[in-house]
Every structure is written in C-alpha cells, then in structure tokens.
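In: got a predicted structure here, sequence first:
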Amino acid sequence: MPVDLSLYLVTDSTPAILKGRDLCTVVESALQGGVTVVQYRDKTNDTGVQVETARKLHQVTKKYNVPLLINDRVDVALAIGAEGVHLGQDDMSFIEAKKLLPENAIIGISTSSIEEARKATADGADYIGIGTMFATSTKTNTKSVIGTAGTQVILDAIKDSPIGTVSIGGINHSNVQRVLYQSQSPKKALDGVAIVSAIVAADDPKASAEHFVELIRNPPRFA
Ligand code: TZP
Ligand code: MG
C-alpha cells in the first residue's frame, strides 16, 4: 500500500474546531504526535486561500515525510503538487481525477455502501474512507451512519482486494479500539482511522495524536 493510513488526520477550518488557532501550527503539532497522513479539508475558504493554505501545509507535511491529500479539489492538489486527493461521491470521478493527476498520485474515495466500495475498488482507488462510523457534529450532512456492523459488511465485500481502508466519523480515544476490532471481517480489517475534532479541536493536538498511536498499536482494552 502506498500510504500508511493508521492515523489519518482530516483538517477543518471552521472556528468551532480551529478555535482561532493557526491550522499549520495545529497540524505540525499533530504530526509530532504521530499522524501518518494529512488531508486538507476546507469547506470554509475560497480557492485563493485554499491554495495558499495547502502550500503552507505542504511545507509542514514534507518535513515529516507524510503525504498531504487535498479534499474535493484536484485543481488545488495540482497547483501545489500535493501527494494526492480525497474525493467524495459527488466530486470529480476517480477516472477523471486519474487522468489529470500524476501517475503516482494517491486517490482516496469516500464510501458508505457495498456498491460504492466495490466501485472504488474496481476503479483502482488507493484507499476508501468508510463512513459515517458514528454521528458527528463535524459533518451533519452525512448520508448514513453505519457503525461497526455496517463497516464490517463493507470490508467483507472487498475482502479480496488489497485496497486501503479507513473509518471516519465520531472516532475518539474512547471508541477507537472498538472501531478497529469490531469492524474486522474475517479476511479484512481497517488500515486506520480518520479523525477531525478529536485531534484538531484538542487543547494539545500532539498529545491527542500520541494517545491515538498508543491505542492503535496496543491490543484493545475492553470487555
Ligand atoms: N466524513 C464523514 S464524517 C466526517 C467526514 C469528513 C467528519 C468526521 O469528523 P470527526 O470530528 O472526527 O467526527
Ligand atoms: Mg467532497
């Protein structure tokens, strides 16, 4: 697999989550804590600001040798030479993005059903985001909350593919081990978890990321 998805940070530029802090500073702190991939997701700012912010973030992620993926915007990824993109079901299709991006670009696709997961797998996506795991105030227009049972069914449907998999939605320190272990199908497990608020809104993003790394690496502690 081209990318370590184990602790996947998704950024958010809304004041409620960023709380007046500088996004690059927050992301650098999270990288120090062990985040393995960063997705710049910005539903707030216009294109000019997004390109400028993405370029600054890229300077930071490169220092840590961690890929930067751009949410939604293939044009922004191309403008700054990001390592890849993350596309939802309503964004540019995988096929179109593949034509525009460099050969080795990472392309991830959001999925919430067996059909979407199978299509992304057949298309040749590098990984799929599977969600929404749990309802979350970070994204309220989510198509469906599928929980660990729904995630397990999707993993089982793509069990014969080496495609990367990451769960997203409402994941925090208290539930991350449950998410990873209860979602496993006999032949395929999640490769990682994607987190927004539990890291970006944390008082200490580095400590939050470190705690996630520890929980992800160690055997689960629940009954
Ligand atoms: N897609 C599905 S849920 C979600 C996205 C981008 C937001 C997840 O945010 P949080 O704060 O980790 O629950
Ligand atoms: Mg999108």
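Out: Ah, there it is. Numbers count the residues shown, from 1 in each chain. Ligands and ions are numbered 1, 2, ... in the order given.
In: what residues does this protein have near ligand 1?
Out: 10, 131-132, 136, 138-139, 142, 168-171, 195-198 (CB under 6 Å from any ligand atom). C-beta here means a position set from N, CA and C on the backbone, and glycine is covered the same way.
In: farthest pair in the residues you listed?
Out: The span of those, defined through CB to CB, is set by 142 and 198 at 16.6 Å.
In: most neighbours among the residues of the chain next to ligand 1, which one?
Out: residue 195 (28 neighbours; other CB atoms under 10 Å).
In: buried residues, stretch 25-37. List them.
Out: Under the neighbour-count criterion of 16 or more other CB atoms under 10 Å, stretch 25-37 has 26-31, 33-37 buried.
In: any weak-confidence spans in this protein?
Out: Low-confidence segments of the chain, defined by pLDDT under 70: 1, 223.
In: any idea which residue sits dead centre in it?
Out: With distances taken as CA atoms, centre = their mean, the residue of the chain nearest its centroid is residue 194 (4.2 Å).
In: quick one: the closest residue to residue 163 other than its chain neighbours from ligand 1, how far?
Out: Using CB to CB, 6 or more residues apart in numbering and skipping the chain neighbours, the partner closest in space to residue 163 is residue 121 (5.0 Å). The gap separating residue 121 from ligand 1 is 19 Å, by CB to the nearest ligand atom, to the nearest Å.
In: and the helix or strand encompassing residue 121, what's buried?
Out: Taking DSSP states H and E as the criterion, residue 121 maps to helix 114-123. For helix 114-123, a neighbour-count test (16+ other CB under 10 Å) marks 116-121 as buried.
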